[in-house]
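A.B. asks: Quick one: sequence plus predicted model below, questions after.
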Amino acid sequence: MTAYSETELLPISAIQHLYFCERQCALIHIERLWSENRLTVEGQLLHERVHDEGDENRPGIRIARGLHLRSLALGLSGVADAVEFHTNGSETIIYPVEYKRGRPKISDCDRVQLCAQSMCLEEMLKCKIEAGAIYYGQPRRREEVILTPILRDETINISTRLHDLIRSRKTPIAEFAKRCKNCSLYELCLPETAGFHKSAIDYLKEMINEKAA
C-alpha cells in the first residue's frame with residue numbers, strides 16, 4: 001500500500017461523498033463548496049449527540065467516543081463515533097461503531113467507511129479488528145459488519161480513487177440523476193443546467209457576470 005504524508009491525509013467522510021457522487025466529492029473537497037439541508041443537519045446532530053456522551057466504562061467494556069483516527073497507509077483521517085474495548089480475560093477485542101441517521105443502504109458506502117475507521121485503528125493500535133457495527137437511527141438497531149478481505153480491498157481501492165480525484169484538481173461534469181434531489185449541494189451543482197461546466201464556481205461567476213451586464 002502507498003504511504004502518504006501527514007499533509008496528504010483526506011477525511012474519511014469523503015469516502016461517503018465519493019460513493020454518492022464523484023462531482024459532489026469534488027465540489028466539497030476540491031472547490032470547497034458546502035451547503036446544508038435537513039438530511040445533513042440531522043446527521044451532524046446525531047454525531048454530536050454521540051460524541052457529547054463522552055467516554056464510558058461498563059463491566060467488561062470501555063467505550064471511547066469521538067476518538068481521532070489516522071492512517072498513513074490509506075491517507076485518511078477522521079473521528080470515530082464510538083470504539084468499544086471488550087475485555088475477555090487477557091484479551092481485548094476492539095469493536096468500532098459508526099452512527100447513521102437513516103436506514104441501511106444497498107451500496108457498501110457505510111461498510112467501507114466503517115472498514116476505513118477500523119484499518120486506521122489497526123494501524124494506530126497495532127491490532128487486528130475482525131468486525132464492527134453500524135447503528136442506524138430509523139430502525140434503531142445495529143448492523144454488524146465483518147471486515148472481510150473483499151471489504152478491505154474495496155476500502156483500499158476507494159481510498160486510492162479518492163486521492164486520485166483530489167490530486168487531479170478536476171471536477172467531473174454534472175450528470176443529473178434521481179439522487180440529485182436529496183443532495184445538499186443541488187443549488188450549487190446545478191446538475192440540470194451545468195452539465196458542460198467542469199467548475200461550479202466558474203459557472204456561478206458567469207451567471208453573476210451576465211446579470212451585471
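C.D. replies: Nice, thanks for sending it over.

A.B. asks: For Ile146, list each beta-bridge partner.
C.D. replies: Ala131 (DSSP bridges).

A.B. asks: close enough to count as contact, it and Glu130?
C.D. replies: Yes - shown here, Ile146 and Glu130 form a contact pair, counting by Cβ atoms under 8 Å, at 7.0 Å. No exception for glycine: its C-beta is placed from N, CA and C like everyone else's.

A.B. asks: Quick check: which ranges of this protein have low pLDDT?
C.D. replies: 1-2, 43, 194-207, 210-213 (pLDDT under 70).

A.B. asks: so how far is the longest helix seen in the chain off the chain centroid?
C.D. replies: If you go by DSSP state H, the chain has its longest helix at helix 149-168. A distance of 12 Å separates the centroid of the chain from that of helix 149-168, by Cα atoms, centre = their mean, to the nearest Å.

A.B. asks: Also stretch 155-172?
C.D. replies: 13 Å.

A.B. asks: tell me which residues in that stretch are buried?
C.D. replies: 155-156, 158-159, 162-163, 165-166, 171 (16 or more other Cβ atoms under 10 Å).

A.B. asks: Of the residues you listed, just say which sits nearest to Ala64.
C.D. replies: Of all these, Ala64 sits closest to Thr155, with 21.6 Å by Cβ to Cβ.

A.B. asks: any idea how far that closest one lies from Gly137?
C.D. replies: 23 Å (Cβ to Cβ, to the nearest Å).

A.B. asks: My read is that Leu114 contacts Pro96, right?
C.D. replies: Yes - look at Leu114 against Pro96 with Cβ under 8 Å: they come within range, at 6.4 Å.

A.B. asks: residue contacts, Leu27?
C.D. replies: Residues in contact with Leu27 (Cβ atoms under 8 Å, 6 or more residues apart in numbering) are 33, 171, 185, 188-189, 200.

A.B. asks: Among those, name the buried ones.
C.D. replies: 33, 171, 185, 188-189, 200.

A.B. asks: What strand or helix carries Ala133?
C.D. replies: Using DSSP states H and E, Ala133 sits in strand 131-136.

A.B. asks: and what of Ile94?
C.D. replies: Counting by DSSP H and E, Ile94 is found in strand 91-100.

A.B. asks: now that strand: how far from the chain's centre is it?
C.D. replies: The answer for strand 91-100 is 17 Å, by Cα atoms, centre = their mean.

A.B. asks: So what are the sheet partners of that strand and their directions?
C.D. replies: strand 76-88 (antiparallel), strand 131-136 (parallel).

A.B. asks: which residues are contacting it?
C.D. replies: Under Cβ under 8 Å, 6+ apart, the answer for strand 91-100 is 43, 46-47, 50, 80-86, 110, 113-114, 117-118, 121, 125, 127, 129-137, 142.

A.B. asks: ok, now with 7 Å
C.D. replies: Strand 91-100 has contacts (Cβ atoms under 7 Å, 6 or more residues apart in numbering) with 46-47, 50, 80-86, 110, 113-114, 117-118, 121, 125, 127, 129, 131-137.
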